[in-house]
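Asks: give me the fold of what follows.
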Amino acid sequence: MTIHAHIRISTDKQDEKSQRQIICAAFPEADTKQFSWSSDTASGGLPWQQRELARVLERAEPQDTIIVSEVSRIARSTVGVLTFLQAAAERNIVVIIVKSGIKIDGSMSSKIVITVLGMAAEIERDLLRARTKASLAARKANGLPIGRQVGAKGKRNKLEGRMPDIQKLLDSKVSKSAIARLMRCSRQTLDTFLSMQEDEIVK
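Replies: The predicted structure is shown next:
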């Protein structure tokens, strides 16, 4: 079993040293030199699927451990953290977040953590939907169009009316694959819808 110690490096070298110290302190009896260390210089705002962390997850084998110093090293949103933990759990990989005292290892306590994070992620989505409704109401009050867009050959895309939600996720650097999962559609459906929106702008 391998321990994959992951750090996200900012421009502050002291931050890198601090992360290493936090991770090493979590295993006082272990030879941390034998850990599989990885680092990432990408912005934390970038979805984890597009960062080195995704490649760490791909390399990890069942029963391996991925450890980070704090939750922000995984993602900056609850949804992002949840999707990573779920992906790791599906592959039977242990995840340790030192500062938060979180250990996802298939135990009952870790299942509770994922459940709570899932509830928090749903709250985030509800708030996003509420903001979208408020935005649509404001557009209507100002006489701006809010109707559904007709797709190719007169067909309607299941994402019609969801562009404000999707745009906020895109602005937050959430990957299109993750957005498709949140919208409960295929990646192809999302790409087709976004292409339709671009065509409307050109017109």
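Asks: wait, doesn't residue 82 sit right on residue 114?
Replies: Yes - taking contacts as Cβ atoms under 8 Å, residue 82 lies within contact range of residue 114: 7.1 Å. For glycine as for every other residue, the C-beta is placed from the backbone atoms N, C-alpha and C.
Asks: between those two, which has more neighbouring residues?
Replies: Shown here are residue 82 and residue 114; by other Cβ atoms under 10 Å, residue 82 has more neighbours (22 against 16).
Asks: just to confirm, which helix or strand has the more buried one in it?
Replies: helix 78-90 (DSSP states H and E).
Asks: could you point out which element follows that helix?
Replies: strand 94-97.
Asks: which helices and strands does that following strand pack with?
Replies: Packing partners of strand 94-97 (3 or more Cβ pairs under 8 Å, 6 or more residues apart in numbering; DSSP states H and E): strand 65-68, helix 78-90, strand 102-104.
Asks: contacts made by that strand with the rest, please.
Replies: 26, 63-71, 74, 84-85, 88-89, 102-105 (Cβ atoms under 8 Å, 6 or more residues apart in numbering).
Asks: how about 10 Å then?
Replies: Applying Cβ atoms under 10 Å, 6 or more residues apart in numbering, the contact partners of strand 94-97 are 1, 3-5, 23, 26-27, 57, 60, 62-74, 81, 84-85, 87-89, 102-107, 110, 113.
Asks: buried only: go through those residues for me.
Replies: 3-5, 23, 26-27, 57, 60, 64-69, 71, 73-74, 81, 84-85, 87-89, 102-105, 110, 113 (16 or more other Cβ atoms under 10 Å).
Asks: which parts of this structure are helices?
Replies: 13-25, 52-59, 78-90, 108-141, 163-171, 176-182, 187-202 (DSSP state H).
Asks: in CSV, list those helices along with distance to residue 35 and mean pLDDT.
Replies: Formatted as CSV, the helices of the chain follow (distance: least, Cβ to Cβ, whole Å; pLDDT from 0 to 100):
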stretch, distance to residue 35, mean pLDDT
helix 13-25, 8, 85
helix 52-59, 12, 93
helix 78-90, 17, 87
helix 108-141, 21, 77
helix 163-171, 34, 84
helix 176-182, 28, 83
helix 187-202, 35, 73
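Asks: redo the ones you listed as a markdown table? Include distance to residue 34.
Replies: As requested, the helices of the chain are exported to a markdown table (distance: least, Cβ to Cβ, whole Å):
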| stretch | distance to residue 34 |
| --- | --- |
| helix 13-25 | 12 |
| helix 52-59 | 16 |
| helix 78-90 | 21 |
| helix 108-141 | 25 |
| helix 163-171 | 39 |
| helix 176-182 | 33 |
| helix 187-202 | 39 |
